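Visitor: Sequence first, predicted coordinates after that:
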Amino acid sequence: MTPREVAWRAGQAGRNLLPIVTHYEPTDRELFGVGDPHGEAALCRFREGAGRPVLLDGDRVAAIAIDYPLEVADVVAAADKAVESSFGFFGYAEVKLEQPLDWHYDPIAHVRWPAMSASRIDHRTFAGDPKWIWELNRLQHLPWLAEAWLFTGDRKYSTAAFDQLDSWIVQNPPGIGIAWRGAFEAGVRAISVAVALQGLRDSPDLTTERFCRVVRMLAQGARRCWQYRSRYSSANNHLVGELAGLATSAIFFPDVAALARWKAPALRALALEATKQILPDGAGAEQAVGYQIFTTELLLTVASLVALRGIRPPSEIVDALDRSATFLAGLVGDGDPAPRYGDDDEGFALRLGAEPLRTVRDHLGAVAAVTGNATAHEAGRATLSSAWLRAAHPERSTAQPRVVGAGSFFAPHGGLAVLRARQRRLTMDVGPLGYLSPAAHGHADALAVTLSVDGEELIGDPGTASYYGHPDWRTAHRGSRTHATVCIDGLDQSVIGGPFLWRRHAQVRVRSVDLSNGIVDAEHDGYVRLPEPVVHRRCLIAPPTRHAVLVVDLITGRGSHEMRTSWPLPPDLDVSATGGEHVVSRGDTPVLQILHGATGELVRDEVRGEGMLGWWSRRLESREPSWLVGAHCVCEAPAVLVTVLNPLGARDERVSNLEVALDGRRIVARWREGEAEIVVDVDTIASVRLPS
């Protein structure tokens, strides 16, 4: 941290230690002005939608219900569960809470979070999982209740929404309890509360008294979002969430001075963050696809609300949305699965559909509905979220789609190379560890390779697994051993400093990227910290004219080291092993052959669901057994490990006799494909010679 950041953090910590902490308590007169001391005129204007955006609107429900009957049924079913106080988050089992709701009770850990100053709650050491209780207190089910009331006209949904909101406000005075732990929670919560309230504006349950209470809560949250906004090395997606909540509150309540004052500074700050957190090539700065979607949807929500006022959103935000959409559409192409890298905590900016997870294609559909981005329109998928957005922005629905090119590309700022040929997509991570000095959501996966064929993932990322619920899972799934890269001496490439902190970052240097010939060549310095330092260099060689892919790992430096390759496989795949190869099958069909070779004595590895290895996480706080295969050797540097990845499927043409030699500056790998001998020559100083 810089000296300025240290001083700022010390000041924050000092304020938290004060015996009495006062919180902002605006009066109705302060909120609504002398001429409207009880907020009655403000509520009237709110019901009319005067001077503010209207997203959830009764005039739109009939058309949406006709076009999206299944999605509407799903959101009404989700609202029914919310009425019954049944909630399910992440990989945890769904639970039914007692009524009236206790917003501090965690039924998973059977603990109650303390009703004390939020700044004094240590969420990292408390017995419960703060992610679960935060998710409950984000109130993201309230828009479901508002939608269900609009779609069905059944007042039970409106009554439940206001009863729950009433109880939440009573139990969570500003600054007290886990729900106020961090301005980020206040920001994300504000979006859902404001949108739900707007959807319920014609409900007879919305009284003037309730309206004033909600507006006061939003004003208190807005002050907190700005005063305690994430800064310096903490200014990642949390800052975007705080600013988006602040802007949303200000835009929905332009006649409330305590909220409207934040609109201009929030939009300016969001525009700046859009340029920082969505890189020039469209990749997310946090090196995590899940967080890129979350961050851009926060920006998208604000952009949509601004546009609904008839005002053009800041160009920096619109440009960031377009950049991100182009990058993400390039990743999924015409039918590829979304690659996973970095953390994913399943965050939603605004939940208008009942889907438990937001996919890349879901996200692109929402972007297209607001911005008219043709690439997002073609690659995206229609959801209830995109339906509401499209209905609110009918001028955007006429975007002319263009075919998304399913070609190779390189994102130099995000550090991702994508190679496509023969229904095969390869990715190689040559980017930084993460964003800012903590790199909180990055994984130690430098030079990791993923492979999908015919839209099916064969080698991938094992997922996030856990944040707080299982600390050992958290450590393992961030580490190098579980990713498709090389692990030296059992150590991670980068050095963990805490659950959301890396003390030392491996730095990647890209030597060359040749998209036309399918070659990526890069190295990282993560292991130069060893007493006998080494550098890991990887060459991915995937000529478009050939099926088999060669991965060459060169370890240079000093000393004897254990060098281990890993190839994580999705849970639906099985493995058989003989000699120096693994054959991967889906059901009874072989889909991938993996051959291993090295300049030292090689030992084949395979593990499934043992200890911390051989696990796959589809959702946070869940995992299932999956094969982790590879090979290792112990030898003196310099040394070479090579892997041939040979997709099979219907062709089932095996390769054999893999050999590798290191002669001075030359690495020569050779194997047989049928009667032909394939030779690849890697000049460690100059270039790679394509297979002959």
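Guide: Arrived safely, thanks for sending.
Visitor: When you work out contacts or count neighbours from here on, use the C-alpha atoms and nothing else.
Guide: Will do.
Visitor: Now do the helices in the stretch 201-350 of the chain.
Guide: 208-227, 237-252, 257-260, 263-277, 289-308, 315-332 (DSSP state H, counting those that start in this stretch).
Visitor: can you tell which of those helices is closest to I667?
Guide: helix 315-332 (31.4 Å; C-alpha to C-alpha).
Visitor: Low-confidence ranges, the chain, go.
Guide: 5-6, 8-22, 397-406, 687, 692 (pLDDT under 70).
Visitor: And the residue nearest the centre of it?
Guide: By C-alpha atoms, centre = their mean, the chain has its centre lying nearest to G290, at 1.4 Å.
Visitor: how near is that residue to V360?
Guide: 9 Å (C-alpha to C-alpha, to the nearest Å).
Visitor: Not counting its neighbours along the chain, what's nearest W113?
Guide: H104 (5.2 Å; C-alpha to C-alpha, 6 or more residues apart in numbering).
Visitor: Can you tell me how far that neighbour is from K276?
Guide: With C-alpha to C-alpha as the criterion, H104 and K276 are 35 Å apart.
Visitor: Give me the more crowded residue out of these two.
Guide: H104 (21 against 15; other C-alpha atoms under 10 Å).
Visitor: OK, contacts around the more buried one?
Guide: R112, W113, P114, A115, I133, G177, I178 (C-alpha atoms under 8 Å, 6 or more residues apart in numbering).
Visitor: let's see it at 10 Å
Guide: Residues in contact with H104 (C-alpha atoms under 10 Å, 6 or more residues apart in numbering) are 111-115, 133-134, 136-137, 168, 171-172, 177-179.
Visitor: what's the answer for D489, then?
Guide: Y527, L530, S560, H561, E562, M563, R564, V634.
Visitor: so how far is P280 from it?
Guide: In terms of C-alpha to C-alpha, D489 sits 36 Å off from P280.
Visitor: same check, this time on M612
Guide: Shown here: M612 relative to P280, a distance of 37 Å by C-alpha to C-alpha.
Visitor: try A93
Guide: With C-alpha to C-alpha as the criterion, A93 and P280 are 40 Å apart.
Visitor: Have a look at those two and say which one is more surrounded.
Guide: Using other C-alpha under 10 Å as the criterion, A93 and P280 rank with P280 on top: 18 against 9.
Visitor: Quick check: the more buried one touching P412?
Guide: Yes: taking contacts as C-alpha atoms under 10 Å, P280 lies within contact range of P412: 9.0 Å.
Visitor: so how far is stretch 494-510 from its chain's centroid?
Guide: 19 Å (C-alpha atoms, centre = their mean, to the nearest Å).
Visitor: Can you measure across it, start residue to end residue?
Guide: One end of stretch 494-510 to the other measures 18 Å (C-alpha to C-alpha).
Visitor: can you check stretch 335-348 too?
Guide: When the termini of stretch 335-348 are compared using C-alpha to C-alpha, they are 24 Å apart.
Visitor: For it, buried residues please.
Guide: 336-348 (16 or more other C-alpha atoms under 10 Å).
Visitor: Show me this protein divided up by domain.
Guide: 34-396, 411-689 (automatic domain parsing).
Visitor: Same list (the ones you listed) but as a markdown table, adding distance to Y24.
Guide: Below are the domains of the chain laid out as a markdown table (distance: least, C-alpha to C-alpha, whole Å):
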| stretch | distance to Y24 |
| --- | --- |
| domain 34-396 | 6 |
| domain 411-689 | 31 |
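Visitor: ok, now how distant is E273 from E242?
Guide: 12 Å.
Visitor: Please apply the same query to Q292.
Guide: 16 Å.
Visitor: Between the two, which has more neighbouring residues?
Guide: Counted by other C-alpha under 10 Å, Q292 and E242 do not tie: E242 has more neighbours, with 31 against 23.
Visitor: ok, now which ones touch the more buried one?
Guide: 182-191, 221-222, 224-226, 228-230, 266, 270, 298.
Visitor: swap the cut-off to 8 Å and go again
Guide: Contacts of E242 were listed using C-alpha under 8 Å, 6+ apart, and they are A183, F184, E185, A186, G187, V188, C225, W226, R229, S230.
Visitor: first to last residue in stretch 619-636, what's the distance?
Guide: Stretch 619-636 end-to-end distance (C-alpha to C-alpha) = 40 Å.
Visitor: what comes up buried for that stretch?
Guide: Within stretch 619-636, the residues scored as buried using 16+ other C-alpha under 10 Å are 619-623, 625-636.
Visitor: Out of the residues you listed, which sit inside strands?
Guide: Counted as lying in strands by DSSP state E, out of the buried residues of stretch 619-636, are P625, W627, L628, V629, G630, A631, H632, C633, V634, C635, E636.
Visitor: What is the nearest of the contacts of D489 to V256?
Guide: The nearest one, if we look at those relative to V256 and count by C-alpha to C-alpha, is Y527, at 56.1 Å.
Visitor: Pretty sure the closest one sits against Q493.
Guide: Yes: if you go by C-alpha atoms under 8 Å, Y527 and Q493 touch, sitting 6.2 Å apart.
Visitor: So which of these two has more stuff around it?
Guide: A count of neighbours by other C-alpha under 10 Å puts Q493 above the other of Y527 and Q493, at 29 against 22.
Visitor: can I assume the residue nearest to the centre of the chain is in contact with E346?
Guide: Yes: taking C-alpha under 8 Å as the definition, G290 is a contact partner of E346 at 6.9 Å.
Visitor: need the contact list for D521.
Guide: V510, R511, S512, V513, R537, R538, C539, L540.
Visitor: Where does A186 fall, secondary structure wise?
Guide: A186 is part of helix 183-199 when elements are defined by DSSP states H and E.
Visitor: meant to ask about I66, not that
Guide: Applying DSSP H and E as the criterion places I66 in helix 61-67.
Visitor: Check which residues of that helix are buried.
Guide: Quick answer for helix 61-67 (16+ other C-alpha under 10 Å): V61, I64, A65.
Visitor: same check, this time on stretch 546-565
Guide: 547-558, 561, 563-565.
Visitor: Now intersect those with the strands, please.
Guide: Per DSSP E, the subset of these in strands is 549-557, 561, 563-565.
Visitor: What is the neighbour count of the closest residue to T371 other than its chain neighbours?
Guide: Leaving aside its sequence neighbours, T371 sits nearest to R396 (C-alpha to C-alpha, 6+ apart; 6.6 Å). For R396, the neighbour count with other C-alpha under 10 Å is 17.
Visitor: mind listing what R396 touches?
Guide: A368, A369, V370, T371, G372, R390.
Visitor: from these, which single one is nearest D605?
Guide: After measuring the contacts of R396 against D605 - C-alpha to C-alpha - the closest member comes out as A368, at 45.1 Å.
Visitor: what residues are up against that closest one?
Guide: Contacts here follow C-alpha under 8 Å, 6+ apart; on that basis A368 touches A374, T375, A376, H377, G380, R396.
Visitor: what about the fourth one, which helix or strand?
Guide: The one in question is H377. According to DSSP H and E, H377 maps onto helix 374-379.
Visitor: Could you name the helices and strands sitting against that helix?
Guide: helix 315-332, helix 360-371 (3 or more C-alpha pairs under 8 Å, 6 or more residues apart in numbering; DSSP states H and E).
Visitor: Could you export those helices as CSV, including distance to P432?
Guide: Below are these laid out as CSV (distance: least, C-alpha to C-alpha, whole Å):
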stretch, distance to P432
helix 315-332, 17
helix 360-371, 22
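Visitor: Of those, flag the one that's most buried.
Guide: helix 360-371 (a mean of 26; mean count of other C-alpha atoms under 10 Å).
Visitor: report the angle between the axes of that helix and helix 315-332?
Guide: Helix 360-371 and helix 315-332 are oriented at 150 degrees to each other (axes from the mean of the first three to the mean of the last three C-alpha atoms, to 10 degrees).
Visitor: Report the distance from helix 360-371 to the chain centre.
Guide: 15 Å.
Visitor: Then stretch 348-355?
Guide: Using C-alpha atoms, centre = their mean, the offset of stretch 348-355 from its chain centre is 14 Å.
Visitor: Next, the distance between the ends of that stretch.
Guide: One end of stretch 348-355 to the other measures 11 Å (C-alpha to C-alpha).
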